[in-house]
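[1] Need coordinates for the below:
(chains A and B)
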Amino acid sequence: MSLLEYFLRHQREIFQATVEHVWLVGVTMVLSVAIGVPLGVLVTRRPWLSKPILGGANIAETIPSLALFGFLLPVPWLGGRADRLAIAALTLYALLPIIRNTSAGIAGVDAAVREAARGMGMTEGQILFQVELPLSLSTVLAGVRVATVLTIGIATIAAAVGAGGLGEFIFRGLAMVNNQLILAGAIPAALLALGADFLLSVLERRLRPAR
Amino acid sequence: MRAFCVPDASAGRGSDSTLRRQSQSFPKWNPNKANDFSTRHIPKVEFVVRSSKSITYQTLLVTQWRVSSFSDFSTPRKRNRSHCLPAGLTRDSSVASLSRTLPNLLRQPRMNTEANRPSGREPVIEFRHVSYQLNGRQELINDVSFAVQRGETLVLLGRSGAGKTTALKLINRLLEPTEGDVLVEGRSTIAWDPIALRRHIGYVIQEIGLFPHFTVERNIALVPRLEGWAEDRIALRVKELLEMVGLDARKFARRYPHELSGGQRQRVGVARALAADPPILLMDEPFGALDPLTRGEVQREFQALERRLRKTVVIVTHHVGESLVLGTRIGLVEAGKLAGIYSPKEFLESTEPVTAAYVAYLRMHEGIEGDE
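    Purely as a prediction, here's the structure:
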């Protein structure tokens, strides 16, 4: 049985797993952007917080993903449901690139532009929302892109705690020493990652401020 | 050309080495007397009466335009400027032409005799013994006092790092004085709401700082929008301002800053600063990034504009020629202190070593290239 035949025969399961996977990644990205961007802004506003925040995100990044899922298991609310647990762990992973790129993007805004904005009497909020964030949007988006690709990969491991997704095939295939099964999880995951990377890079280029 | 404009005024000033020796012996402010108000060193501040000032101002322009007519420079100046403007001179760098006519300028009869008479009006900007220290240690501004009257253009001239820009930022409270008071319209900047203060003051910086993600229209409309003007009023104002700075509104309003030349950007920067019609304008090396020819043009246009709008302007520059062309008074900043305030004519005539050094420099360099 060729790989293609195998894919066609199991297309419904594969599709369903892909949807689950996209859902996991999607929720994770929404959460990590909602948390990461404000933290990135905070880092530029309170430099003394940059060490603890970036340091914390860095440490989360270094924990092996399988271990992180295990660590979170005893946490009361999170351990109750596998997808909650997976999303929490994935969010921790996705935070670092987003925080770092947000703060780098804002720090990279031309000092003259910021001074002009201040000198013309814009408030801090106006400077942030009308000047700094729009100008650093492409950098922030680059961080989101990296985080998305990363999350799509790591989300396959979420199957280990029963969160579903394309990882199911991979784990089952590993257990059964069935390469086709492994590929049924790995190939859609890789395509997802490539597709997300492509789409976000197009968006990123579109949003890059002209110089 | 340069050869015969140099000698008669610089005669007796001596070579470079004498200049250096003289500036070393220049009397310094005595810190021991800092708290003694009766003898406290207050840099010379003269109050220029508007009318007499504008005469000298005009004189400066007239002589400047009369570049090649050396044959008649001893005849009384003509009132009608259009006579004096030789054809084809419009693109000449004002700095270059100015330095060529320096001797001419020095021959002008004294017009400014009232210059030192104090006027009763309240100054628009006033520095009262202002010091500013960076991180509480490094002294960037040291006990500076001066006043700027309504409608004046004060140029702060000095070397890089002398504290000119710091002084400027103290006015719109981008920085706050460590000691002393900066008063804007009689009120200390600390007492002002910083946002209200800054919207009251136009601000042009060297790098212009146009928002790259805004069109020219949105850049200019920035402060009016923040102030909540009605959209149709904003549209009118933008059009008016673009025309005021010599740009075709239909052509430029929709462009982005990166689609403009340096000179055009500079004009947009000035237009943006003027948008909400602030009575005060601060400019930090406004024409610094321009080539000498464009710089001359923009300077001349700005000068005309300024005479029409009668704003109170403070300009920071390290460019001697520019300060003579644009300033009604020139404040010389040296190492965080105000070495003196002069009218352009006094500046040129002054025999103080520091000013003399600047004038000598102007004759030597800016006369040739029109720029450093």
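[2] How about residues contacting stretch B:157-165?
    B:132, B:140-142, B:144, B:156, B:284, B:316-320, B:323, B:327, B:330-337, B:358 (C-beta atoms under 8 Å, 6 or more residues apart in numbering or on different chains). For the C-beta atoms, the positions are set from N, CA and C on the backbone; glycine is no exception.
[3] Over to stretch A:120-137?
    Against stretch A:120-137 from outside (C-beta under 8 Å, 6+ apart): A:41, A:102, A:104-106, A:108-110, A:113-114, A:117-118, A:140, A:207, A:209, B:194-200, B:203, B:211-213, B:222-223, B:226, B:272-273.
[4] Now the terminal residues of it, how far apart.
    Counting by C-alpha to C-alpha, to the nearest Å, you get 23 Å between the two ends of stretch A:120-137.
[5] next one: stretch B:281-288
    Start-to-end, stretch B:281-288 (C-alpha to C-alpha) is 17 Å.
[6] What are the boundaries of the helices in chain A?
    A:3-9, A:11-45, A:50-62, A:65-72, A:76-79, A:82-107, A:111-119, A:124-126, A:133-154, A:167-176, A:179-207 (DSSP state H).
[7] Skipping adjacent residues, who's closest to the residue of chain A found nearest chain B in space?
    Closest approach between chain A and chain B, counting by C-beta to the nearest C-beta: residue A:116, at 2.8 Å. Spatially, and ignoring its direct neighbours in sequence, residue A:116 is nearest to residue B:209 (2.8 Å; C-beta to C-beta, 6 or more residues apart in numbering or on different chains).
[8] Show the contacting residues for the one you found.
    Residue B:209 sits in contact with A:110, A:112, A:113, A:114, A:115, A:116, A:117, A:119, B:269, where contact means C-beta under 8 Å, 6+ apart.
[9] again, but for residue B:355
    B:332, B:340, B:342, B:347 are the contacts of residue B:355 under C-beta under 8 Å, 6+ apart.
[10] my guess is it is in a helix, correct?
    Yes. Assignment of residue B:355 by DSSP: H, G, I helix; E, B strand; the rest coil places it within a helix.
[11] for the lowest-mean-pLDDT helix or strand in chain A, packing partners?
    When the helices and strands of chain A are compared on mean pLDDT, DSSP states H and E, helix A:76-79 comes out lowest with a mean of 77. In terms of contacts (3 or more C-beta pairs under 8 Å, 6 or more residues apart in numbering or on different chains; DSSP states H and E), helix A:76-79 is packed against helix A:82-107.
[12] ok so, going back, tell me which of the helices of chain A is the most buried.
    Using mean count of other C-beta atoms under 10 Å in any protein chain shown, the stretch among the helices of chain A with the largest mean neighbour count is helix A:82-107, at a mean of 23.
[13] gap between it and the chain center?
    6 Å (C-alpha atoms, centre = their mean, to the nearest Å).
[14] Over to stretch A:39-50?
    That offset, for stretch A:39-50, works out to 20 Å (C-alpha atoms, centre = their mean).
[15] Put the alpha carbons of it into CSV.
    What follows is the C-alpha trace of stretch A:39-50 in CSV, where atoms were taken according to Å, rounded to 0.1, in the frame of the first residue of the first chain:
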residue,chain,number,x,y,z
LEU,A,39,4.8,41.9,28.3
GLY,A,40,7.1,43.0,25.5
VAL,A,41,5.8,46.6,25.8
LEU,A,42,6.3,46.4,29.6
VAL,A,43,9.9,45.4,29.1
THR,A,44,10.5,48.6,27.1
ARG,A,45,8.8,50.8,29.6
ARG,A,46,10.3,49.3,32.8
PRO,A,47,13.8,48.1,31.8
TRP,A,48,14.4,46.6,35.2
LEU,A,49,11.7,44.1,34.4
SER,A,50,13.4,42.9,31.3
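[16] List the contacts of it.
    A:53-54, A:95, A:98-103, A:105-107, A:128, A:133, A:140.
[17] Ok, stretch B:256-269 next?
    Counting by C-beta under 8 Å, 6+ apart, A:210-211, B:204-205, B:208-216, B:219-220, B:242, B:245-247, B:252, B:286-287, B:289-291, B:294, B:297-298, B:301 sit against stretch B:256-269.
[18] could you flag which of the residues you listed are buried?
    Buried members of these, scored by 16 or more other C-beta atoms under 10 Å in any protein chain shown, are B:204-205, B:208-216, B:219-220, B:242, B:245, B:247, B:252, B:286-287, B:290, B:294, B:297-298, B:301.
[19] Just those: which are in strands?
    residue B:204 (DSSP state E).
[20] Pull the number of nearby residues for residue B:360.
    19 (other C-beta atoms under 10 Å in any protein chain shown).
[21] Ignore what I typed, I meant residue B:166.
    So residue B:166, with other C-beta under 10 Å, has 21 neighbours.
[22] what about the helices in the stretch 201-350 of chain B?
    Assigned by DSSP state H, counting those that start in this stretch, the helices in the stretch 201-350 of chain B fall at B:216-220, B:222-226, B:231-244, B:249-252, B:262-274, B:292-309, B:320-326, B:344-349.
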